[in-house]
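Trainee: Build me a model:
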Amino acid sequence: MHAQVKSTVVEESKSASRLGHIAGAVLVVAAFAVLVSLGTWQMQRLQWKEALIAAISERRAAPSVPLEQIEAMAAAGEDIDYRTVHVSGVYDHGRERHFFATHEGRTGFYVFTPLMLADGRALFVNRGFVPFEKKDASTRSAGQVTRGVTINGLARPRLSQKPSSLVPDNDIAKNIFYWKDLDGMTDSAGLAADRVLPFFVDADAAENPGGLPIGGVTQFDLPNNHLQYALTWYGLAAALVVVSGLYVYRRKR
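Mentor: Sure thing, here's the model as predicted:
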């Protein structure tokens, strides 16, 4: 009787051990599949990012086109980001909006000013950077040109919403924007929404009278660490195979 009980216990123990090994194997295979999937996803992201960087470089090097061409592209749903453009008009400095920014280690603002076009519509132009202490336009009056100007720059799309919950809300009362809210800029500047073009233009580095704002502030530094991430995930998958193989080998020994 005692031998029977002992035999039953041993069989149950072996069965539990086999189930444990099967469960462990399933978990290892699942983990391996997840790690390889993550690595493959990062490789796909790498291809996308490299294509995007190449497209931006090509657009920046392309000849400047009239504003009407950018309008037509935007209306057709085409990507206008970083496309070179030229446009003429007169700045309405009394309606400039201030976007909180840093430039070459200094804190200040990008100055977004409505450029009034010949047909009465307005286009918000990012004229460039001014230091924090130069936020008030009266401290940089030389740069508030009143004559007609022709701007060369890059088209930039509008944002439909705040890019992240970590970004502060725009302070309309103080005319400080933390994200490029075209609707907010339009409304706070007292412009009719249907008379404002649905994108921005970043002015190039042509010097403004008095040196401010400092143009050419468009940022092109797109992080591209996807290959590093892919190698990390693939490396973890390989390490999992090696560790699992050693475990099986030692058990058989």
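Trainee: what stretches of this protein score poorly on pLDDT?
Mentor: Across the chain, the ranges flagged by pLDDT under 70 are 1-18, 20-21, 253.
Trainee: How much space separates Glu68 from Ala74?
Mentor: Going from Glu68 to Ala74 by C-beta to C-beta, to the nearest Å gives 11 Å. The C-beta positions use only the backbone N, C-alpha and C, and glycine is treated the same way.
Trainee: between the two, who's got more neighbours?
Mentor: Taking neighbours as other C-beta atoms under 10 Å, Glu68 and Ala74 compare with Ala74 leading, 18 against 10.
Trainee: you'd agree that one is up against Arg158?
Mentor: No: the criterion here is C-beta atoms under 8 Å, and Ala74 misses it with Arg158 at 9.4 Å.
Trainee: joint contacts of those two?
Mentor: Any residue near both Ala74 and Arg158 by C-beta atoms under 8 Å, 6 or more residues apart in numbering counts here, and that gives 198-199.
Trainee: Domain boundaries for the protein, per the record?
Mentor: 2-56+224-252, 83-211 (automatic domain parsing).
Trainee: ranges for the strands of the stretch 1-150 of the chain?
Mentor: 65-66, 84-91, 97-103, 106-116, 122-131, 149-157 (DSSP state E, counting those that start in this stretch).
Trainee: any idea which of these is most buried?
Mentor: A comparison of those by mean neighbour count, using mean count of other C-beta atoms under 10 Å, puts strand 122-131 on top with a mean of 24.
Trainee: The stretch 151-253 of the chain: helices as residue ranges?
Mentor: Counting by DSSP state H, counting those that start in this stretch, the stretch 151-253 of the chain has helices at residues 182-188, 226-252.
Trainee: Out of those, flag the one nearest Leu212.
Mentor: helix 182-188 (19.9 Å; C-beta to C-beta).
Trainee: Pull the distance from the closest one to the chain's centre.
Mentor: 21 Å (C-alpha atoms, centre = their mean, to the nearest Å).
Trainee: Next: stretch 193-203.
Mentor: On C-alpha atoms, centre = their mean, the centre of stretch 193-203 falls 20 Å from that of its chain.
Trainee: sorry, back to before: okay if I get the helices of the stretch 151-253 of the chain as a markdown table plus mean neighbour count?
Mentor: Below are the helices of the stretch 151-253 of the chain laid out as a markdown table (neighbours: other C-beta atoms under 10 Å):
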| stretch | mean neighbour count |
| --- | --- |
| helix 182-188 | 18 |
| helix 226-252 | 13 |
